[in-house]
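> Pasting the sequence and the predicted model now:
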Amino acid sequence: MWRVFYYVILLSFFITAPVWATSTGLNNIPTADVVPENVIVFQFISDFTNNNTPAYMTGFKYGPAKNIEIGLDGNIFPQKGKTETLVAQGKLRFKLSNSLAIAGGITNLGDRARAGREFPFGVLSQDFGFLRVHFGGTTQKDNEGFFGGIDKTFTFLDRDFT
């Protein structure tokens, strides 16, 4: 089984190319960013925690039209009966100005018995030039609340990092 995992990782280095698109969410919170039109983004995520089996996930995001993003996420090696293998998400953005945008969307669309409840959200993102601020909320059942985040983009070797 580990051999297959290593082949998948090795293959991903050969079949992927750098994209000039940033991620469209901070770590575990949505932002008002979307993937540019006709761009596909591939992501690989690993989660290592104490006393748990490591989780390896992959995600694809696509911009079918301006200010629209759709995608699929899934575990590469899901545990049977415990983890949904594929969930969908979508987001619609409205640019209010060059530095302010608002977005609404829904994530975690899949088999509720294994994936949990959907996560509908709304978020406002403001670019102040030296940093960006994000504030939003969700109406997810039994998990209603607000979230916020700050990010900063910097350039290193002609690449943008957030």
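Happy to help now that I have it.
> so where is the protein shaky, pLDDT-wise?
1-2, 5-29, 49-50, 52, 77-85, 111-116, 160-162 (pLDDT under 70).
> just the strands in it please.
Counting by DSSP state E, the chain has strands at residues 25-26, 29-30, 40-47, 55-65, 68-75, 87-95, 100-109, 119-127, 132-138, 145-151, 154-156, 159-161.
> what angle separates the fourth one from strand 40-47?
Between the axes of strand 55-65 and strand 40-47, defined by axes from the mean of the first three to the mean of the last three C-alpha atoms, to 10 degrees, the angle is 160 degrees.
> In this model Phe119 seems to touch Glu144, though I could be wrong.
No - counting by C-beta atoms under 8 Å, Glu144 stays clear of Phe119, with 10.9 Å between them. Yep, even glycine has a C-beta here, placed from its N, CA and C like the rest.
> Which one's more surrounded, the two?
Neighbours were counted for Glu144 and for Phe119 using other C-beta atoms under 10 Å; Phe119 has more, 18 against 9.
> Can you name the residues bridging to that one?
Using DSSP bridges, the bridge partners assigned to Phe119 are Thr107.
> That one touches Thr107, doesn't it?
Yes - contact criterion C-beta under 8 Å: Phe119 and Thr107 qualify, at 4.5 Å.
> one step back: show me whatever sits in contact with both of Glu144 and Phe119.
Contact with both Glu144 and Phe119 is made by residues Thr138, according to C-beta atoms under 8 Å, 6 or more residues apart in numbering.
> so how far does stretch 41-54 reach from one end to the other?
23 Å (C-alpha to C-alpha, to the nearest Å).
> in it, what's buried?
Val41 (16 or more other C-beta atoms under 10 Å).
> ditto for stretch 51-68
Buried-residue list, stretch 51-68, by 16+ other C-beta under 10 Å: 55-57, 59, 61, 63, 67-68.
> What are the contacting residues of it?
Contacts for stretch 51-68 (C-beta under 8 Å, 6+ apart): 5, 24, 34-48, 69-77, 79, 83, 90-95.
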